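Enquirer: Need a 3D model of the following:
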Amino acid sequence: MSVGTGTQTRGTGPVDVRITTRAELALQGVRLEAPVRRPDGAGPSDDGHFVIGHGLVDGANAALPRNPGSPYSVRDGRVWLGDDDTGLTLTAVQRPRFYDLTTADGIPYEHIARLHGADVLATTVVQTCIRYAESDRCRFCTIEESLRSGATVAAKTPAQLAEVAEAAVRLDGVRQMVMTTGTTTGQDRGARNLVRSVRAVLEAVPGLPVQVQCEPPADLAWIRELHEAGATAIGIHIESLDDAIRRRWMPGKSTVPQAEYEAAWDEAVRVFGPNRVSTYLLVGLGEDPDELVAGAGKLIDRGVYPFVVPFRPMGGTLAARDGAEAPSAALLRHVTEGVAAKLRAAGMTGADQQAGCAACGACSVLRSAGG
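Expert: Modelled structure (predicted):
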């Protein structure tokens, strides 16, 4: 019996089993090793990178936990739940050739930028954050852990990023780039370094779509500077729209009021255009799911893409230390389907962002739900 096609009944009513399976994979992972993974950093997961498909529709990026205890396995490129073929295909992304190169001063290229999914180059330009003291740190973040483990360098120069981006495009067919940063002091909150980095990369690889990610700059003129430098899209990530949850999960970052995020989103939409601005919303921090979906709808009305991602406690985070757990697949599916419906009604898709997390889609289930 195939459990990945059509619609079946689970719980109180009919659901799209493909979306349910994709949600379960995002949380429970798969029994398959992955040559490409990202062990630490500022993002939401410590996953392997795969290409996932359904039937003849293949090629979507997927970041999934590598879990030897998962009920899902892969045989002959297909995902199985026990003896049932889910209808999904899954292949691991292979180690890129640019990982074998080093800079003239001996720094491995993979310490400067990493492959995400099959075709996305990602880097944290500044690997430190002014909010990383335990009293201020986001409980889901490990931005400085990869630095402590020796897997990266504290600050990547524009020249280094340009060198690695050129090689990744030439050798491995990279199609887009994501640049994020730890928060720095000053009115730009990290945007200044991103401006210089975008300019250098686009000089080396003209036309490469680049998304930048930072906190709302205290001086909104930096948003225009980022666009003029050549950035295609921007992510300004709030993670939760509930202030009580923000204070609990992001004590330092929550000192930036939501009003500053709203002003930054509006300015970014004005400068970059609708659906070229995104924000992470994490499912599983305790926010009421229907309020989360409603809040995502308000973001969509602003022209901001709400990139809905399941919270998963990464090793080395305060959340993992304190025993926090990921959400259920049912909760993730409920929120994802609700947000995806609003995105479809607005004619917004992640792919239209051209660069960034929403364009990649690997860490979310939104693409499977039509968002």
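
Enquirer: which regions of the stretch 51-200 of the chain lie under the pLDDT threshold?
Expert: 54-59 (pLDDT under 70).

Enquirer: let's see 50
Expert: Under the criterion pLDDT under 50, the flagged ranges of the stretch 51-200 of the chain are 55-57.

Enquirer: hey, where'd the helices end up in it?
Expert: 145-148, 158-172, 191-204 (DSSP state H, counting those that start in this stretch).

Enquirer: Make a markdown table out of these and add mean neighbour count and distance to residue 96.
Expert: Yep, even glycine has a C-beta here, placed from its N, CA and C like the rest. Converted to a markdown table, these look like this (neighbours: other Cβ atoms under 10 Å; distance: least, Cβ to Cβ, whole Å):
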| stretch | mean neighbour count | distance to residue 96 |
| --- | --- | --- |
| helix 145-148 | 18 | 18 |
| helix 158-172 | 21 | 4 |
| helix 191-204 | 21 | 17 |
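
Enquirer: To residue 314, which of these lies closest?
Expert: helix 145-148 (8.7 Å; Cβ to Cβ).

Enquirer: In this protein, where's the longest helix?
Expert: helix 329-346 (DSSP state H).

Enquirer: what packs against that helix?
Expert: Using 3 or more Cβ pairs under 8 Å, 6 or more residues apart in numbering; DSSP states H and E, the elements in contact with helix 329-346 are helix 17-28, strand 277-283, helix 289-302, strand 304-310.

Enquirer: rerun that using 6 Å as the cut-off
Expert: Here helix 329-346 touches helix 17-28, helix 289-302, strand 304-310, going by 3 or more Cβ pairs under 6 Å, 6 or more residues apart in numbering; DSSP states H and E.

Enquirer: who touches that helix?
Expert: Applying Cβ atoms under 6 Å, 6 or more residues apart in numbering, the contact partners of helix 329-346 are 19-20, 23-24, 27, 283, 289, 292-293, 296-297, 300, 306, 308, 310, 365-366, 369-371.

Enquirer: before we move on, what about stretch 185-199?
Expert: Looking at what lies outside stretch 185-199 - Cβ under 6 Å, 6+ apart - the contacts are 125-126, 130, 158, 161, 179, 181, 183-184, 210, 212, 214-215, 217-219, 222, 225-226, 229-231.

Enquirer: Now do that stretch: distance to the chain's middle.
Expert: 20 Å (Cα atoms, centre = their mean, to the nearest Å).

Enquirer: Then stretch 317-325?
Expert: Distance, centroid of stretch 317-325 to centroid of chain: 20 Å (Cα atoms, centre = their mean).

Enquirer: Can you measure across it, start residue to end residue?
Expert: Terminal residues of stretch 317-325 lie 12 Å apart, using Cα to Cα, to the nearest Å.

Enquirer: Buried residues of it, list them for me.
Expert: 317-320, 324 (16 or more other Cβ atoms under 10 Å).

Enquirer: Equivalent analysis for stretch 271-279, please.
Expert: 271-272, 274-279.

Enquirer: Likewise for stretch 142-155?
Expert: Those would be 142-147, 151-153, 155, for stretch 142-155 by 16+ other Cβ under 10 Å.
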